[in-house]
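Enquirer: Model the structure of this input:
(chains A and B, ligands or ions: 2)
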Amino acid sequence: MADSTSILRAEHLSKVFTSAAGTIEVLKDINLEVSQGESLSIRGESGSGKSTLLNVVSGLETMDAGTLAWKRKSVAKGKVGGRPIEPIRAGFIGFVFQSYYLIPELNAFENILMAARLKGKVTSQIEGRARELLDRVGLAGREKQGTTQMSGGERQRIALARALVNSPELVLADEPTGNLDENTGEVVMGLLLDLCKQEHTSLVLVTHNPEFASQTESEYFLHSGVLEKRR
Amino acid sequence: MKGNKTPRSYSILNGHVLPADIIIFLMPWYLYHALKQLFPSGRFFSFFSCVSIIGVTLGVMVLLIVQSVMNGFGHEIRKKVADFNGDVRIMNGGIMYNWKEVRDDLESNPAVKAMAPYAGGVLMLQHRRIPAFPIVKGVDILTEGDVVPMRDYLQSGKLEDLDDDGIFLSIGLAQSIGAYEGSRVEVYTPLMLERMQRDEILLPRELTVRGIYKTGYGTYDTNTIVVTLRLMQELWSLGNGVHGISVKLDEGVDVDTFTANLNKELVDSPARAVSWIETNRDLLFILQLEKTVMFFIIIFIIIVASFSIAIALTMSVVRKTREIGLLVAMGARPSKVAVGFMTQGVVIGLVGAILGVGGALVALHFRNDVVRALAKITESEAAFLRFYQFADIPVYYLISDFVLVVVFTIILTTLAGLIPALKAGRLKPADALRSE
Ligand SMILES: Nc1ncnc2c1ncn2[C@@H]1O[C@H](COP(=O)(O)OP(=O)(O)O)[C@@H](O)[C@H]1O
Ligand SMILES: [Mg+2]
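Expert: Ligands and ions are numbered 1, 2, ... in the order given. Got it, this is the predicted structure:
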């Protein structure tokens, strides 16, 4: 499945948090490579640094040591190959979070389009794509519904569509089923894996669920900031 | 495109687009986000924006209503003062004997509508042993009516009936000394007092009241009288002289410019032109001061409204911390996030100002009906009409008031948006996403 184009490469990443309690090294000498279309999962107990790892590789958090590259372009200090990171990230990465983070003032369709708006402008092609994704996550015809009236599973499906609307190269999903019951979680996870596969989008999935983890191409384990490949 | 089965009104290419859709289409995300915060989809408005806008609207409305009504009263007073005094007076500080020459010189000036000579002073007046010390004006009855609307002022009597043994009393003065048309009053002049000091016999001049007038301006209506110029010249020993000439200007002539130009022409003579504005500088200053003070008192409504906007928006930033983190993750620049929050303040100010201006115009349009209804409800109609000399509430719209109020409002609400904007712009995305 995965071809050799490198989407994300992190080498010797380290992240240290300094607080009143002292300094903790949350990420220790992490090496991670994601190639195009590849899916991988990361497991690890709470506080092991999974979210921090996603934040660092997506440039939301700075690293204290190591190098990071997106499609071979070096990422550092809010720049990608010398250009501001935000507009590049908008088209490069799609995010899915545990608690959906939909904007309550917008309806379902507008939430999906918000990602496109942030990337640039909303065109009729993009609208067509958003409608198509809404259909593919099984919510066709629900465009105008407010997301506050939706169930957790429906909200996360809107969030999936939003993560994919810009056709990103990489989706970062941080415990996307963490707030959902077992059955709903399975449906959402199935959609996430299928969509990424169909779109040929790379996926980094953080999850606690070993069964979901086993559905990705490779499995990693993060333990006290050390990343270890299991499969 | 695969699976795209329902291409409905959202698409520009399908033709079913409202102008608003195109604006939303082209709008930068942070403006769109700000507007959606204020006017969420599926609801007409948010509680927060509704209350904030009402606060600003009320402030703008009250401010504009008060300023316009104060302008109206001020305008009435200015008009009355200018009417009673004439627009410009030409004087030389003493007795003017060459007034006919001065008058004839000005006759050809296109800005001059009418001229009338006058003499003035203070005298003592007595009616049935009740004394009064009014300001007296001696007028030329042939020309006075062209400069001062004396005929309109007269409540009884006619301007032409004033003779050298007659006198016009202002209405308040007539009431306080109990005189009517036909009453006889005694007049003592300063010149008589001078003679008295030289042990001459003091004989007052007896005059008949030929008319009662009302200008509508309190000071003039309680403390002035009018006699003929000839009588004044006699009582003050002026001979053929007068104290000055009052000039009425044509509609639309700027009084200050006219006066300045005239003074340039008069530079070689002892005569000087003085505008009514200069004469009544203190009064006009107080009118302006009252207006300014009212502005600063009432602007506090808008300041308080802006404070509550600042608080509500700051709370919204706190509440939406994770949402802001998400926006940055999806590609938002923190500076644009800040602009978005500031926009919310600006939009509230803008909408509030527009509604306030509209509300003020409507309220001012129906002001007399409103006041009459209030008077009826409180059964104080008669008292109201007695108290105010104006049966209708005067208003005068000044564009500058409206501009000032709107600009002030937008500045204040923008500042109100600035505090939360700075807070939102400083959020670190990773921290924002982690926050609970
Ligand atoms: N901004 C921060 N300052 C200090 N400590 C932090 C900060 N962010 C995360 N941490 C700490 O780093 C560790 C890893 O956190 P996180 O990446 O959220 O773990 P996980 O997602 O695996 O549960 C935790 O101990 C957490 O308390
Ligand atoms: Mg986590």
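Enquirer: how about stretch A:172-184 against ligand 1, any contact?
Expert: No: Stretch A:172-184 does not reach ligand 1 (C-beta under 6 Å from any ligand atom); its nearest approach is 7.2 Å. (Each C-beta comes from the backbone N, C-alpha and C, glycine too.)
Enquirer: what mean pLDDT does that stretch have?
Expert: Mean pLDDT, computed over stretch A:172-184, is 95.
Enquirer: First-to-last residue distance for that stretch?
Expert: Taking C-alpha to C-alpha, to the nearest Å, stretch A:172-184 runs 20 Å from one end to the other.
Enquirer: Which residues of chain B lie near ligand 1?
Expert: Within chain B, the positions adjacent to ligand 1 are B:431, B:434 by C-beta under 6 Å from any ligand atom.
Enquirer: most residues in a single strand of chain B, which one?
Expert: strand B:112-122 (DSSP state E).
Enquirer: quick one: least confident helix or strand in chain B?
Expert: One helix or strand of chain B scores below all others by mean pLDDT, DSSP states H and E: helix B:381-387, with a mean of 62.
Enquirer: next structured bit after that helix?
Expert: Next helix or strand after helix B:381-387 toward the C-terminus (DSSP states H and E): helix B:399-425.
Enquirer: How about that following helix and chain A, touching?
Expert: No: Helix B:399-425 stays clear of chain A (C-beta under 8 Å from any C-beta of the partner chain), getting no nearer than 12.9 Å.
Enquirer: Can you list the neighbours in contact with the next helix or strand after that helix?
Expert: Per DSSP H and E, the first helix or strand lying C-terminal to helix B:399-425 is helix B:429-434. Contact partners of helix B:429-434, identified using C-beta atoms under 8 Å, 6 or more residues apart in numbering or on different chains, comprise A:51-52, A:55, A:60-61, A:97, A:101, B:321-322, B:324-326, B:328-329, B:334.
Enquirer: now helix B:429-434: mean pLDDT?
Expert: Across helix B:429-434, pLDDT averages out at 90.
Enquirer: same deal with stretch B:34-48?
Expert: Rounded mean pLDDT across stretch B:34-48 is 86.
Enquirer: tell me the secondary structure for the closest residue to chain A within the stretch 251-400 of chain B?
Expert: Nearest residue of the stretch 251-400 of chain B to chain A (C-beta to the nearest C-beta) works out as residue B:331 at 2.5 Å. Following DSSP: H, G, I helix; E, B strand; the rest coil, we place residue B:331 in the coil state.
Enquirer: Report how many residues lie close to it.
Expert: The tally of other residues near residue B:331 (other C-beta atoms under 10 Å in any protein chain shown) stands at 25.
Enquirer: quick one, what contacts it?
Expert: Residues counted as contacts of residue B:331 (C-beta under 8 Å, 6+ apart) are A:86-87, A:89-91, A:115, A:118-119.
Enquirer: The spatially closest residue to it that is not a sequence neighbour: what secondary structure?
Expert: Spatial nearest neighbour of residue B:331, excluding adjacent residues (C-beta to C-beta, 6 or more residues apart in numbering or on different chains): residue A:90 at 2.5 Å. Assigned by three-state DSSP, the conformation of residue A:90 is helix.
Enquirer: neighbours of residue A:90, just the number please.
Expert: By other C-beta under 10 Å, 22 other residues sit near residue A:90.
Enquirer: ok, now residue A:98?
Expert: By other C-beta under 10 Å, the residues close to residue A:98 number 16.
Enquirer: right, and the secondary structure at it would be what?
Expert: Counting by three-state DSSP, the backbone at residue A:98 sits in coil.
Enquirer: Ok, residue B:45 next?
Expert: Of the three states, residue B:45 takes coil under three-state DSSP.
Enquirer: which ones are touching it?
Expert: B:38-39.
Enquirer: and it, backbone torsions?
Expert: phi -160, psi 160 (degrees, to the nearest 10).
Enquirer: Can you tell me how far it is from residue B:52?
Expert: 10 Å (C-beta to C-beta, to the nearest Å).
Enquirer: try residue B:272
Expert: Distance check for residue B:272 against residue B:52: by C-beta to C-beta, it reads 57 Å.
Enquirer: Compare neighbour counts for the two and give me the winner.
Expert: Set residue B:272 next to residue B:52 and count neighbours by other C-beta under 10 Å: residue B:52 wins out with 27 against 16.
Enquirer: now the angle between strand B:112-122 and the strand or helix carrying the more buried one, please.
Expert: For residue B:52, the host element (DSSP H and E) is helix B:47-85. Taking axes from the mean of the first three to the mean of the last three C-alpha atoms, to 10 degrees, one finds that helix B:47-85 is oriented at 80 degrees with respect to strand B:112-122.
Enquirer: wait, does helix B:47-85 contact chain A?
Expert: No: shown here: helix B:47-85 not in contact with chain A (C-beta under 8 Å from any C-beta), separated by at least 10.5 Å.
Enquirer: Which helix or strand lies directly C-terminal to that helix?
Expert: Next helix or strand after helix B:47-85 toward the C-terminus (DSSP H and E): strand B:88-91.
Enquirer: what sits up against that next one?
Expert: Strand B:88-91 has contacts (C-beta under 8 Å, 6+ apart) with B:96, B:102, B:106, B:243-247, B:249, B:255, B:258-259, B:262, B:266, B:271-276, B:279.
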